[in-house]
Each structure stands twice: as C-alpha cells, then as structure tokens.
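>>> Model the following, please.
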Amino acid sequence: MAAGTLYVVSTPIGNLEDITLRALRLLREVSLIAAEDTRHTRKLLNHFEISTPAIAYHEHNKLSKLGAILEKLEAGQSVALVSDAGTPCLSDPGWELVQACLKANIPVDAAPGAAAPLVALVLSGFSPQEFSYVGFPPRKKSELKEWFSRLRPELSRRPLVFFEAPHRLLDTLAIALEVLGERPVAVARELTKLHQEIRHETLSAALAHFKEVAPRGEFTLVLGPTPETSPEIPEEPVLSVNPLDRLRELKTNGLRAKEAVEIVTRESALPHRQVYDLWLSLK
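Below you'll find the predicted structure:
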C-alpha cells in the first residue's frame, strides 16, 4: 500500500480571504488535520464548512503524537499540518514531523500561502533581495543582549526579521538600541487584520511611541541593515601651473629626471609614466 502524503498547509495570518483554493481543497480531502490549536483551527474550518477531523499537534505534544501521525500516513491516509496562522514550521511545531516523514520515505508536499515574515519584509521598505529570519528572540535580558550581539554581523548586510510578543516589545526595542545602536526599523502589528499598523521609524522613535501607547496584538519587526557609509574620495590636487611647465621649471633649477618626475607625480596625481613621458618631451 502506498503511503499517504503529509501536506504542510499555510493558513491566513489574519484575513480569512488570504487562504488559497488549494489549501481549502486539501483540508477537505485529507483524512486528518494536525493542528497547533484545534480550537483555533476549528473556527477556520467552520467558516469554510470543512468537517475533516483535527487533532492537536503542538510544542508540548509534538514528539508523543508523531508516531500516531506516521502510522496513519504509512497506512495510506493523507494528513494536513497547519499552525494557528501562516506557514507551519516557521517558529511553530512541524519540522520534526516533516523530517520524520522524509526519513520514512513518506511523501511531503506544501500548499504555500501567507507568512508574516515575508509580508512584513515587503512592507518594510528595505531591500528584500537578502534577509535573515530569526523567529522569536530569547526572553531573558542577558540572553537577548547576547542574541543581538551575535546577529550584528548579519545586519551589516541584510534586514533582520523576527517576531515579538507585546509584553516584551519595550525590552526588546531598548536592548536592540543599546546593542545595535540607532537604526531604522519597521514595526508591523496585526498584519492583514482590521487594525493593521506598519510603523517606519528609528529604534528610539519606536521605543518612545510604545512607551506612550501600550503594545497590543502580534508584532513582526524588520530591523534595517547598517547604513552604508560612502568612502571619502580624496580631492585631486590642483596644480597652479601646467605639469609640463612645472617640469621645465624644475629642470631649469637643475633637478635630475628622477627627482623632477617624482615631485610632479606627487603634486599632480598623474601616473608616473605619463609624467616621465612629459619629461622626455622637454627640449
């Protein structure tokens, strides 16, 4: 008997209209839905009149439930893996199940869709050609400082995308400012929902704002890369006389070719060979 397929199905991060037609079809066709929170997923399923059975598969039971899910897949039943919002495995349970399926030669497929890091990135205004996604920061302040210090080299080249809980946002902004210094940040709140807000400002401005306005909702932050500083281009020396005239003057004063050419090369910033050719042209 052929094994079933594990489908990694993306669900909306806020706006239910963002679910794909393929995701809806798969959620109806599979034998079982492994959901991070069945109560949350059931609201989505009820909205679209989907009656497929769902079991809880979350951070605290993911290893104990893994065997039972593999048994269903090996028996030929297909399973959809969903998180509360967005793409499973991104800071959510799931990668262990995907890994176990691949090791057991069970087919794995994905129904792509919404992902908060990508939505925040494209709305940040920073170049999205390269970026680093790092999930949730550590909770302890000492670990958070070390975390930002370790990621500083990443920020020299590309934006940094991460999540944060509202009750930890102020500490995270303050420590980011302390460790990384002033830099631009896009603070995305409640993405795709009714009260979506995208703030484009500096770390200090964001910190000041959320000290006045209590953070609420789900946050995705995009730290801008270290601003590039243009190298200083030295101004070319400007001779008060023509290089040829300067060489003639030096020759008249008794300087030999080597000395005169070195002086005019230094004063004019012309190539040494060009100055020497000018010397040879003197009569």
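>>> any idea how far residue 30 is from residue 11?
Separation of residue 30 from residue 11 (Cβ to Cβ, to the nearest Å): 14 Å. (Each C-beta comes from the backbone N, C-alpha and C, glycine too.)
>>> Who has more neighbours out of these two?
When neighbours are counted by other Cβ atoms under 10 Å, residue 11 comes out ahead of the other of residue 30 and residue 11, with 26 against 22.
>>> measure that one to residue 77 for me?
In terms of Cβ to Cβ, residue 11 sits 21 Å off from residue 77.
>>> what do you get for residue 181?
Using Cβ to Cβ, residue 181 is found at 53 Å from residue 77.
>>> higher neighbour count, the two?
More crowded of residue 181 and residue 77, by other Cβ under 10 Å: residue 77, with 15 against 12.
>>> close enough to count as contact, the more buried one and residue 29?
No - Residue 77 lies out of contact with residue 29 (Cβ atoms under 8 Å); the separation is 10.9 Å.
>>> Which residues are in contact with each of these two?
Jointly contacting residue 77 and residue 29 under the rule Cβ atoms under 8 Å, 6 or more residues apart in numbering is no residue at all.
>>> Please list all residues in contact with the residue lying closest to residue 186 once chain neighbours are set aside.
Of all residues not flanking residue 186 in the chain, residue 124 sits nearest, at 3.6 Å (Cβ to Cβ, 6 or more residues apart in numbering). For residue 124, the contact set (Cβ under 8 Å, 6+ apart) comprises 159, 186, 188, 198, 200, 222, 224.
>>> average model confidence for the host helix or strand of residue 177?
In this structure, residue 177 sits in helix 169-180 according to DSSP states H and E. Averaging the model's pLDDT scores along helix 169-180 yields 96.
>>> what would the contacts of residue 124 look like in JSON lines with neighbour count?
As requested, the contacts of residue 124 are arranged in JSON lines below (neighbours: other Cβ atoms under 10 Å):
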{"residue": "159", "neighbour count": "26"}
{"residue": "186", "neighbour count": "22"}
{"residue": "188", "neighbour count": "26"}
{"residue": "198", "neighbour count": "17"}
{"residue": "200", "neighbour count": "17"}
{"residue": "222", "neighbour count": "26"}
{"residue": "224", "neighbour count": "20"}
